[in-house]
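K.L.:
what's the 3D shape of this:
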Amino acid sequence: MTERVDFYVLDTKAPAQRLNFVCRLTAKAYQQQLRVIIWSEPADAKTCDDLLWTFNDGSFVPHQISRDEQVTDRTTPVHLTLALDHVDEADLLINLSDRFPESPARFARIAEIIDADPERRRLGRERFKAYREHKLDIKTHQLNDGMDI
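P.N.:
Numbering: from 1, shown residues only. Coordinates of the predicted model:
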């Protein structure tokens with residue numbers, strides 16, 4: 001059951017800042033021994049995959065880009081996936097897609113990363129309404145240039 005949904009609202013449109021924030025959030029979750037699913041589009045998945053290896057010299061986040069059955073592999077703590085069809089559950093879903101996740105109760109927590117792009121904000125507002133309709137606890141975090149988690 002979903003404990004809460006966190007909307008992280010960045011004040012920048014820079015895709016690199018958005019994905020860098022995702023890497024920092026993922027590293028923090030990994031340090032807390034959480035199982036993380038990052039749901040994204042193909043281009044973001046590849047970029048995020050590369051960044052998770054290089055964004056911080058002092059951290060290591062074991063992960064893989066997963067397709068279908070690979071997502072159920074619990075020996076890998078972080079999976080980047082293009083579809084949630086084969087995801088049974090996870091401690092944290094980081095949603096980089098513009099879609100609402102079906103069956104959000106599979107995830108203990110959900111993180112929505114919204115940057116200053118007008119279309120991404122509009123779609124984020126739609127997902128916010130959908131989470132509210134599901135009666136989920138929603139927290140909004142306005143992040144400035146420092147982007148503290």
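K.L.:
Could you pull out the helices in this structure for me?
P.N.:
Here the chain has its helices, by DSSP state H, at 15-31, 42-54, 118-133.
K.L.:
Which residue would you name as the spatial centre of the chain?
P.N.:
Geometric centre of the chain, nearest residue: residue 94, 1.5 Å, by C-alpha atoms, centre = their mean.
K.L.:
for it, what are its contacts?
P.N.:
Shown in contact with residue 94 (C-beta atoms under 8 Å, 6 or more residues apart in numbering): 22, 25-26, 36-39, 110-111, 113. Heads up, the C-betas are built off the backbone N, CA and C, glycines and all.
K.L.:
Was I right to think residue 105 contacts residue 3?
P.N.:
No - counting by C-beta atoms under 8 Å, residue 105 stays clear of residue 3, with 10.4 Å between them.
K.L.:
on that earlier part again, dump the helices of the chain to TSV, plus mean pLDDT, mean neighbour count and distance to residue 71.
P.N.:
Formatted as TSV, the helices of the chain follow (pLDDT from 0 to 100; neighbours: other C-beta atoms under 10 Å; distance: least, C-beta to C-beta, whole Å):
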stretch	mean pLDDT	mean neighbour count	distance to residue 71
helix 15-31	92	19	15
helix 42-54	87	15	12
helix 118-133	97	14	21
